[in-house]
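**Student:** Okay, here's the prediction I keep looking at, along with the sequence it came from:
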Amino acid sequence: MLIDASDVIVHVFRPEVREFYRPGKDVDARRRRADDSQGLMRVHLCVVGRLRAGPERALVDDYLKRFDRTGRGLGLGPASEHEVEDRKGGGMAAEAALLTRVIPTGAVLAVMDERGQQASSPEFAERLAGWRDAGRQDLAFVIGGADGIAPDLRDRADHAFSFGRMVWPHALVRVMLAEQLYRAATILAGLPYHRA
């Protein structure tokens, strides 16, 4: 079935997604029902550094907007960014202190680190759904600065993800994470974006 959802065309395959987008139904009632049945897990990108206007900023904004639209009916989102900068040159320890202040209390803490677990996109989607289904209200992804994440903050993490053993610039990690969040939402919704 092909449904025009304002500026997004959505292919609906799974029954729970089909019910969410069924024409002629009250949209707000569908959203409330989705939120009540699955809970709502807000996603926070807690990052060192600020993305200025440019291609990385445009990509992050686009993918997070797509994630918010797709994830809403699945109990995922909204996604928000919390950017911190250590202007005093305190290094990883100072960055960790700033990051700790923006991580919501009780949030699942997931760090992006080259020593973390490499996961396929479907495995990443399953992990998000598992945290959501466990009733977690907040999920915080931490992306460190040029020197990485302070060991004490990394050790407190509930999970560490990796985009491979290579080290990536934090701006690109943010773009890739935003895209994987959107991809995970489409996988959970049964949409055709992910082709594997």
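**Tutor:** Yes, it's here.

**Student:** going forward, measure contacts and count neighbours with C-alpha atoms only.
**Tutor:** OK.

**Student:** tell me the SS of residue 161?
**Tutor:** Of the three states, residue 161 takes strand under DSSP: H, G, I helix; E, B strand; the rest coil.

**Student:** Per-residue pLDDT of it, please?
**Tutor:** Per-residue pLDDT puts residue 161 at 96.

**Student:** wait, what's in contact with it?
**Tutor:** 110, 111, 112, 113, 114, 115, 116, 117, 118, 119 (CA atoms under 8 Å, 6 or more residues apart in numbering).

**Student:** ok, it to residue 111 distance?
**Tutor:** Distance, residue 161 to residue 111, using CA to CA, to the nearest Å: 6 Å.

**Student:** Return the member of the contacts of residue 161 nearest to residue 139.
**Tutor:** The closest of these to residue 139 turns out to be residue 110 (CA to CA; 7.4 Å).

**Student:** which residues does that closest one bridge with?
**Tutor:** On the basis of DSSP bridges, residue 110 is bridged to residue 141, residue 159.

**Student:** quick one: it and residue 158 touch, right?
**Tutor:** Yes: between residue 110 and residue 158 there is a contact under CA atoms under 8 Å: 5.9 Å.

**Student:** Looking at those two now, which is surrounded by more residues?
**Tutor:** Using other CA atoms under 10 Å as the criterion, residue 110 and residue 158 rank with residue 110 on top: 21 against 11.

**Student:** any idea how far residue 89 is from that one?
**Tutor:** Distance from residue 110 to residue 89, counting by CA to CA: 25 Å.

**Student:** what's the neighbour count on the closest residue to residue 132 other than its chain neighbours?
**Tutor:** Once flanking residues are discounted, residue 132 sits nearest to residue 41: 5.7 Å by CA to CA, 6 or more residues apart in numbering. Using other CA under 10 Å, residue 41 is surrounded by 27 other residues.

**Student:** Could you measure from residue 41 over to residue 178?
**Tutor:** Residue 41 is 16 Å from residue 178, by CA to CA.
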